[in-house]
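[1] give me coordinates for this.
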Amino acid sequence: RRRLHRSEDRNTAQSHGKTTRVARPLSENDVGPFNSIFMATALKAVGIPGTSVEREDAALSLAQSKPVVLSPEQRQVLELVAPLPNPSRMRIMLAGKPVSGKGTQALLMAKKFGVPHISVGEMIREEMKARSDLGLAAAERVAEGELLPDELILSILHRRLERDDCSRLGYILDGFPRTRAQAEAMDRENIVIDRVIYLDRPDEDALFWSRGRATDPVTGVIYHDVLNPPPEQISARLVRRSDDQRATVAKRLKMFNASFDEVYGRWKGVMKRIDSSNRRTVMEVFEDICGALEDLIPREESTNWRAFGSHRSTFDVTTVADVSEIKERIKELDRFVTRRMQNAKEGVMTRGALLRAVEQCCAFSLIRQQEEDPGKYLPFRVGTDQIGYVGRSLAADLISANSPGDAEFLVTLEACSIDGWSRIAGSVELSPSILDLPICQRTLRIGRVMERLHSAGRIQGWRNELHPVAVDYNSETLFEIERACLPYFGLRGYGVHVNGYVRNGGEILIWVATRSRNKPTYAGKFDQLIAGGLPAGVSLLENVAKEAVEEAGLELRHMDELRSVGSLSYLYETRKGLSCKALFLYDLELPLDDFIPKNLDGEVEDFNLLPARTVLKSIANNLDAWKPNSAVVMIDFAMRHGLIDPCSEPDYLKISSFLN
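    The predicted model follows:
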């Protein structure tokens with residue numbers, strides 16, 4: 001207690017040089033239910049009554065049922081042990097002789113700093129209590145004061161450190177290593193230690209502690225018959241360790257002292273010695289430990305007053321029943337997280353596979369392409385509006401394909417200036433004389449040029465399907481052009497894609513179409529149930545209905561569940577030019593047993609109803625089997641329906657960014 005009476009002001013970080021212990025002093029209003037049983041040790045040390053209760057729930061409601069007035073010493077102790085609001089990642093080794101106080105201090109450290117306590121000894125004792133084959137073998141060796149084989153201990157430790165809490169928060173390694181071989185094995189396994197806390201207790205003090213040591217299995221608090229006597233009402237349940245015999249402890253102390261340098265010498269640069277002799281209280285030792293770890297904690301951390309049920313807390317525990325309900329909700333949350341994580345793992349794909357599928361449509365950068373190869377694509381303008389890009393080779397062919405004496409397209413090829421120091425940018429423009437014509441005559445004149453290019457083999461995949469061309473979707477049509485010409489001129493095309501799916505219990509199954517082998521583009525590739533371009537003179541909904549009937553044989557009653565779910569725009573480079581598309585997306589939930597698609601226009605070879613995860617695996621493992629934009633539409637569907645999970649898909653944010 002004398003160490004806790006400091007002359008300097010401990011409420012100010014600058015005056016004491018530390019920020020981990022106190023944000024402000026506790027007031028009488030801060031006294032609330034203590035919601036961690038680890039407080040029992042601290043409260044008993046400063047004489048607060050009523051904390052040695054039968055169960056944790058009773059400790060939580062202590063202050064409300066019996067208000068407590070704190071002395072200055074008690075306030076300072078509570079400030080010292082209060083948990084930090086945001087745990088910092090620490091990898092700590094807690095070293096010390098047998099019976100040096102590691103168990104007590106580890107409990108306080110774990111709660112204050114939010115770091116998992118890893119006790120190899122406790123793991124082994126659990127095996128002994130369960131009387132497993134390992135536990136029986138360990139019990140015999142422990143009773144003789146012998147150490148367990150290193151291979152066994154290391155395998156237990158390594159498995160524990162791989163768990164998520166240790167990866168995120170770090171660990172307090174208690175009671176390991178004990179031999180040089182174990183220390184060397186830690187180096188080989190790359191087990192990192194940021195700070196070693198060495199509890200130095202004289203041998204005689206350790207022997208005295210061992211003779212009277214007992215642990216409360218309910219609270220984890222360690223008592224001593226003389227130094228820290230337990231309350232009478234819990235004496236019957238205390239547990240004494242079988243290895244606390246004087247001869248056994250003396251043998252272990254001798255082994256520790258003899259091997260100290262060869263075991264811990266490698267960590268001397270990060271080691272802090274803490275005096276834990278019997279003349280010092282638990283809180284005095286813990287205060288020194290906090291000081292030794294202070295440089296590992298961000299300066300902005302402060303005391304978490306909610307640990308004491310402060311009235312300032314938005315979470316007010318009022319009754320034992322409330323606490324029980326909260327605990328049960330936490331358990332339910334843990335089960336929910338475990339179940340969702342398991343479902344996410346079932347959907348794990350090869351890393352980068354889904355991202356590649358999206359990138360093939362959505363990752364092309366025209367700006368970067370023009371920087372790498374200036375003039376590869378010339379801007380295509382109608383009046384003052386730029387509506388597309390024409391490749392330089394096709395631009396040259398346009399000159400000869402124009403009508404003699406009345407060119408439809410004005411072409412300026414990229415060139416150098418006379419001085420050779422500057423570049424004259426090229427362009428393709430629709431002739432002003434064409435703009436003076438009605439739309440139908442513009443379409444006719446432009447169509448004749450396209451037919452000449454097609455006859456010359458410069459435009460392939462002719463479909464005999466006109467597509468409207470406008471500045472944007474809702475703008476007035478400028479002219480109509482053969483659909484096959486869109487990528488050659490970098491013109492934006494429009495289309496509709498409908499994801500047809502069914503639900504079978506909690507599983508989603510998707511109808512996947514296989515395109516006809518006779519299709520001029522992407523023959524034999526996988527596609528949505530319904531997909532098609534938006535032809536001239538047809539509205540969106542009319543086009544969806546037309547394609548639904550022609551491609552999948554849907555009846556009007558099947559269309560009731562049709563839902564518009566967004567759009568997908570993309571630009572990518574093909575051997576023809578720039579494919580620039582905007583797709584209007586729909587979801588259509590269909591009955592499980594009352595619908596079988598049937599193609600009526602010869603554009604689909606067959607249909608297959610497949611589990612959604614099977615479809616995603618097909619995209620991930622066999623991307624070439626899919627029409628590129630259909631694969632992206634399917635990934636968009638999976639993202640919206642939660643079939644791709646950020647917990648299991650490392651490229652989740654990149655995929656989402658490309659899709660949006």
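[2] what sits against R640?
    Going by CB atoms under 8 Å, 6 or more residues apart in numbering, R640 touches V565. Where C-beta positions appear, they are placed from N, C-alpha and C, glycine not excepted.
[3] before we move on, what about V471?
    Remark: with contacts taken as CB under 8 Å, 6+ apart, V471 is in contact with D385, I387, L478.
[4] give me the buried entries from the residues you listed.
    For the contacts of V471, burial is judged from neighbour counts taken by 16 or more other CB atoms under 10 Å, and it is met by I387, L478.
[5] let's have the contacts of V471 in TSV, adding distance to K654 and secondary structure.
    Formatted as TSV, the entries for the contacts of V471 read as follows, by distance: CB to CB, whole Å; DSSP: H, G, I helix; E, B strand; the rest coil:
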residue	distance to K654	secondary structure
D385	33	strand
I387	30	strand
L478	36	coil
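[6] list the contacts of the nearest residue to F364 once chain neighbours are set aside.
    In space, and not counting its chain neighbours, F364 is closest to Y572: 4.3 Å by CB to CB, 6 or more residues apart in numbering. Going by CB under 8 Å, 6+ apart, Y572 touches Q360, C361, C362, A363, F364, L578, S579, P628.
[7] skipping its backbone neighbours, what lies nearest the fourth one in space?
    In other words, A363. Distance criterion CB to CB, 6+ apart; nearest residue to A363, sequence neighbours excluded, is F658 at 6.4 Å.
[8] returning to that earlier point: pretty sure the residue nearest to F364 sits in a strand.
    Yes: assessed by DSSP: H, G, I helix; E, B strand; the rest coil, Y572 belongs to a strand.
[9] quick one: it from P487, how far?
    Relative to P487, Y572 is positioned 10 Å away (CB to CB, to the nearest Å).
[10] need the residues that contact stretch 385-404.
    366, 375-381, 407-409, 411, 413-414, 426, 428, 445, 448-449, 452-453, 456, 458, 469-471, 478, 488-492, 577-578, 580.
[11] filter these down to the buried ones and hand me the ChimeraX line.
    Applied in ChimeraX, the following selects the buried portion of the contacts of stretch 385-404 according to 16+ other CB under 10 Å:
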select :366,377,378,380,407,408,409,411,426,428,445,449,452,453,458,469,470,478,488,489,490,491,492,577,578,580
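[12] follow-up on the earlier one: between the contacts of V471, which is closest to E332?
    Closest approach to E332 among the contacts of V471 (CB to CB): I387, at 57.0 Å.
[13] confidence score at that closest one?
    I387 carries a pLDDT score of 93 in this model.
[14] next: the one 3 residues further on.
    Here the pLDDT value assigned to V390 is 93.
[15] got it, and G47?
    The predicted local confidence for G47 comes out at a pLDDT of 41.
[16] name the SS class of the residue of the chain most remote from its centre, please.
    Ranked by distance from the centre of the chain (CA atoms, centre = their mean), the top residue is G405, with 64.5 Å. Three-state assignment for G405 (three-state DSSP): coil.
[17] for it, give me its contacts.
    By CB under 8 Å, 6+ apart, the contact set of G405 is empty.
[18] list the residues that contact the spatially closest residue to G500 that is not a sequence neighbour.
    Nearest non-adjacent residue to G500, counting by CB to CB, 6+ apart: L529, 3.3 Å away. With contact set as CB under 8 Å, 6+ apart, L529 has these partners: V498, N499, G500, W511, V512, A513, E551, A552, L588, P597, F607.
[19] please settle this for me: is the second one part of a strand?
    In other words, N499. Yes: using three-state DSSP, the secondary structure at N499 is a strand.
[20] gap between it and R178?
    Between N499 and R178 the distance, using CB to CB, works out to 61 Å.
[21] who's more crowded, the two?
    Neighbours per residue (other CB atoms under 10 Å) separate N499 from R178, with N499 holding more: 26 against 21.
[22] these two touch, right, the more buried one and A513?
    No: between N499 and A513 no contact is recorded; they are 11.1 Å apart, counting by CB atoms under 8 Å.
[23] what is in contact with these two at once?
    Common neighbours of N499 and A513, counting by CB under 8 Å, 6+ apart, are Q528, L529.
[24] which of the contacts of stretch 385-404 fall within helices?
    Counting by DSSP state H, the part of the contacts of stretch 385-404 found in helices is L366, R445, R448, V449, R452, L453.
[25] min pLDDT across those, which one?
    Lowest pLDDT among the ones in helices among the contacts of stretch 385-404: L366, with 74.
[26] how much space between that one and T574?
    The spacing between L366 and T574, counted by CB to CB, is 13 Å.
[27] what do you get for E371?
    Taking CB to CB as the criterion, E371 is separated from T574 by 20 Å.
[28] same question, A95
    Per CB to CB, A95 is found 66 Å from T574.
[29] please apply the same query to D187.
    55 Å.
[30] could you do D174 as well?
    Per CB to CB, D174 is found 63 Å from T574.
[31] what helix or strand is A183 located in?
    With the criterion set as DSSP states H and E, the secondary-structure element containing A183 is helix 180-188.
[32] following that helix, which helix or strand comes up?
    Going down the chain from helix 180-188, the next helix or strand is strand 195-200, by DSSP H and E.
[33] and that following strand, which residues are buried?
    Quick answer for strand 195-200 (16+ other CB under 10 Å): R195, V196, I197, Y198, L199.
[34] for A536, phi and psi?
    The phi/psi pair for A536 (degrees, to the nearest 10) reads phi -70, psi 140.
[35] D174 and T574: which is more packed in?
    A side-by-side neighbour count of D174 and T574, using other CB under 10 Å, places D174 first with 24 against 11.
[36] pretty sure W462 sits against H454.
    Yes: in terms of CB under 8 Å, W462 counts as a neighbour of H454; the distance is 5.6 Å.
[37] please enumerate the shared neighbours of those two.
    Overlap between the neighbourhoods of W462 and H454 consists of E482, A484, taking contacts as CB under 8 Å, 6+ apart.
[38] who's more crowded, the two?
    Taking W462 and H454 together and counting by other CB under 10 Å, H454 has the greater number of neighbours (17 against 14).
[39] that one: what's it in contact with?
    Applying CB under 8 Å, 6+ apart as the definition, the contact partners of H454 turn out to be Q460, W462, E482, A484.
[40] quick check on those: which are buried?
    E482, A484.
[41] between the contacts of H454, which sits nearest V81?
    Once CB to CB is applied, the member of the contacts of H454 that ends up nearest V81 is A484, at 76.1 Å.
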